[in-house]
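K.L.:
Prediction below, plus the sequence it came from.
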Amino acid sequence: MLFEILEVFRQAIVAIIESAFRTTSIACKAVIDAGLIIKNGARTTNPLELFFVIFLFFTLFYAIDKFIWTSAKTVFVFVALLALFVLIFFASVL
C-alpha cells in the first residue's frame with residue numbers, strides 16, 4: 001500500500017514538473033514573438049505608440065517572470081528590464 005501511494009505522488013510530481021516546463025516554454029515563446037513584433041514595427045510607429053507598446057511588453061514580461069519565479073530576484077530583473085526599456089526607446093527614437 002505504501003508503494004502505491006508513493007507511486008501516485010511520484011506521478012503527480014512528474015506531471016507538475018512537466019506542466020511547469022510547458023508553461024515556461026510557452027511564456028518564453030510569447031516573449032520572443034512579442035519582441036520580434038516590436039523590433040519589426042519600431043521604425044514605422046510614432047514614438048508615443050512605441051513607448052506604450054514597449055512599456056506594455058515589459059510589464060507583461062515582468063508579470064510572467066514574477067508568476068514563474070516569485071522570488072527576490074524579480075526586483076533586480078524588473079530594474080534591469082526597465083533600464084533596457086529606456087535604452088530601447090531612446091535607440092528607436094534616434
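P.N.:
Great, that's in hand. This is a predicted model, so every value here is computed, not measured. Numbering: from 1, shown residues only.

K.L.:
Show me the strands in this protein, by range?
P.N.:
In the chain, no segments count as strands under DSSP state E.

K.L.:
Below-threshold pLDDT in it: ranges please.
P.N.:
2, 17, 20, 68-79 (pLDDT under 70).

K.L.:
Can you name the residues that contact the residue of it most remote from its centre?
P.N.:
Distance from the centre of the chain peaks at M1, with 42.4 Å (CA atoms, centre = their mean). Listed by CB atoms under 8 Å, 6 or more residues apart in numbering, the contact set of M1 is empty. All C-beta spots, glycine's among them, are computed from the backbone N, C-alpha and C.

K.L.:
Also the one 5 residues further on?
P.N.:
The neighbours of L6, taking CB under 8 Å, 6+ apart as the test, come to nothing; the list is empty.

K.L.:
That one and T45: what is the separation?
P.N.:
In this view, L6 and T45 are 56 Å apart by CB to CB, to the nearest Å.

K.L.:
Which stretches in the chain count as helices?
P.N.:
With DSSP state H as the criterion, the chain has helices at 2-41, 47-69, 73-93.

K.L.:
F57 reaches I38, doesn't it?
P.N.:
Yes - using CB atoms under 8 Å, F57 makes contact with I38 at a distance of 6.0 Å.

K.L.:
sorry, back to before: let me know which of the helices of the chain is tucked in deepest.
P.N.:
Stretch with highest mean neighbour count among the helices of the chain: helix 47-69 (a mean of 15; mean count of other CB atoms under 10 Å).

K.L.:
could you check the angle helix 2-41 makes with that helix?
P.N.:
Relative orientation of helix 47-69 versus helix 2-41 (axes from the mean of the first three to the mean of the last three CA atoms, to 10 degrees): 170 degrees.

K.L.:
which other residues reach helix 47-69?
P.N.:
Under the contact criterion CB under 8 Å, 6+ apart, helix 47-69 has outside partners 20, 23-24, 27, 30-31, 34-35, 38, 41-42, 45, 74, 77-78, 81-82, 84-85, 88-89, 92-93.
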